[in-house]
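J.: I would like the atomic coordinates for the input below:
(3 chains)
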Amino acid sequence: MGRSPCCEKEHTNKGAWTKQEDERLVAYIRAHGEGCWRSLPKAAGLLRCGKSCRLRWINYLRPDLKRGNFTADDDDLIIKLHSLLGNKWSLIAARMPGRTDNEIKNYWNTHIRRKLLGRGIDPVTHRPVPVNAAAPISFQSHPPPPPAKEPTNKTPRCPDLNLDLCISPPCQDEEEDEADVKPARHGLCFGCSLGLQKECNCSSNFLGLTAGMLDFRSLEMK
DNA sequence: AAATAGACCAACCGCGTTTGC
DNA sequence: AGCAAACGCGGTTGGTCTATT
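T.: Model (predicted):
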């Protein structure tokens, strides 16, 4: 009943891909196209599980990958998208042609997070962190949580700090420290300001997001 | 020059969702 | 309709490279 198992783990290679394996995978996909990852390894003569083949192709071998440094514009776009979408790396990647979710995720974790923390911005909420927590920059992404969920009543912290991780546009009524990450609200659409008009629907509907509402379906790749 | 720490990134793992039977 | 496999995604790990001491 149902389907057969995904792969025989005991007969599959693991770890770094060799040049020969890459060549085989590329050759096979060039000849037969993507898809059916389950049967691909056998058909291509690879001792890998389909999952691994898919990952290797998507993250490394695909011919349309950019593979290069992220520009400042890329940074801004990622920050903006992350503020809207959270850790939905695949959705973010879908808006950045030539970039993979894994690449963006890695870049976020190694560069942008640090950058935002350095600016005193919480990389999760995209809001200013309380001064005592912002500096010095620690490698702990967040200070240890307080014993209780409720903020201690004496803390003069940002009252609107959104610590729940629901995906929604950040608070609409705050003005400070946002100009650098959210220029879209002030006139020109963010996408347009980065020269990405074709990527946006503009008219204050950046990325197909109508004001205050997220519709992931509208973000799918065509 | 060697040792160590930190940064980077490819790849794996586990889980939720989708799809085929 | 329900089960199980395939797929896709996000989090995490581990190896390698680079900078610093």
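J.: Now do the buried residues in stretch A:30-48.
T.: A:Trp37, A:Arg38, A:Leu40, A:Pro41, A:Ala44, A:Leu46, A:Arg48 (16 or more other Cβ atoms under 10 Å). Every residue, glycine included, has its C-beta placed from N, CA and C.
J.: In helices, which of those residues fall?
T.: A:Leu40, A:Pro41, A:Ala44 (DSSP state H).
J.: ok, the second one - contacts?
T.: By Cβ atoms under 8 Å, 6 or more residues apart in numbering, the contact list for A:Pro41 reads A:Cys7, A:Thr12, A:Leu47, A:Arg48, A:Cys49, A:Gly50, A:Cys53.
J.: Show the pLDDT at the closest residue to A:Gly45 other than its chain neighbours.
T.: Leaving aside its sequence neighbours, A:Gly45 sits nearest to A:Arg24 (Cβ to Cβ, 6 or more residues apart in numbering; 5.9 Å). On pLDDT, A:Arg24 comes in at 88.
J.: In terms of helices and strands, where is A:Arg24?
T.: According to DSSP states H and E, A:Arg24 maps onto helix A:19-32.
J.: when you scan stretch A:73-92, is anything in it near DNA strand B?
T.: No. Using Cβ under 7 Å from any atom of the strand, stretch A:73-92 stays clear of DNA strand B, with a minimum separation of 10.1 Å.
J.: Dump that stretch to CSV, restricted to CA.
T.: C-alpha atoms of stretch A:73-92 as CSV (Å, rounded to 0.1, in the frame of the first residue of the first chain):
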residue,chain,number,x,y,z
ASP,A,73,20.7,46.5,-2.1
ASP,A,74,20.4,42.8,-1.6
ASP,A,75,20.9,43.3,2.1
ASP,A,76,18.2,45.9,2.2
LEU,A,77,15.8,43.7,0.3
ILE,A,78,16.5,40.8,2.5
ILE,A,79,15.9,42.8,5.6
LYS,A,80,12.7,44.2,4.2
LEU,A,81,11.4,40.8,3.1
HIS,A,82,12.4,39.3,6.4
SER,A,83,10.6,42.0,8.3
LEU,A,84,7.5,41.1,6.4
LEU,A,85,7.8,37.3,6.1
GLY,A,86,10.0,36.2,9.0
ASN,A,87,12.1,33.1,8.5
LYS,A,88,10.3,32.1,5.4
TRP,A,89,13.5,31.7,3.5
SER,A,90,11.9,30.1,0.5
LEU,A,91,9.5,32.9,0.0
ILE,A,92,12.3,35.4,0.4
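J.: does that stretch come close to DNA strand C?
T.: Yes. Using Cβ under 7 Å from any atom of the strand, stretch A:73-92 reaches DNA strand C at A:Asn87, A:Lys88, A:Trp89, A:Ser90, A:Leu91.
J.: List buried residues within those.
T.: Buried by 16+ other Cβ under 10 Å: A:Lys88, A:Trp89, A:Ser90, A:Leu91, out of those.
J.: Would you point out the most distant pair within the residues you listed?
T.: Using Cβ to Cβ, these span at most 7.4 Å, a distance reached by A:Trp89 and A:Leu91.
J.: A:Ile121 versus A:Lys66, what's the distance?
T.: Counting by Cβ to Cβ, to the nearest Å, the separation of A:Lys66 from A:Ile121 is 26 Å.
J.: What of A:Arg30?
T.: 44 Å.
J.: cool, and A:Asp101?
T.: A:Asp101 is 22 Å from A:Ile121, by Cβ to Cβ.
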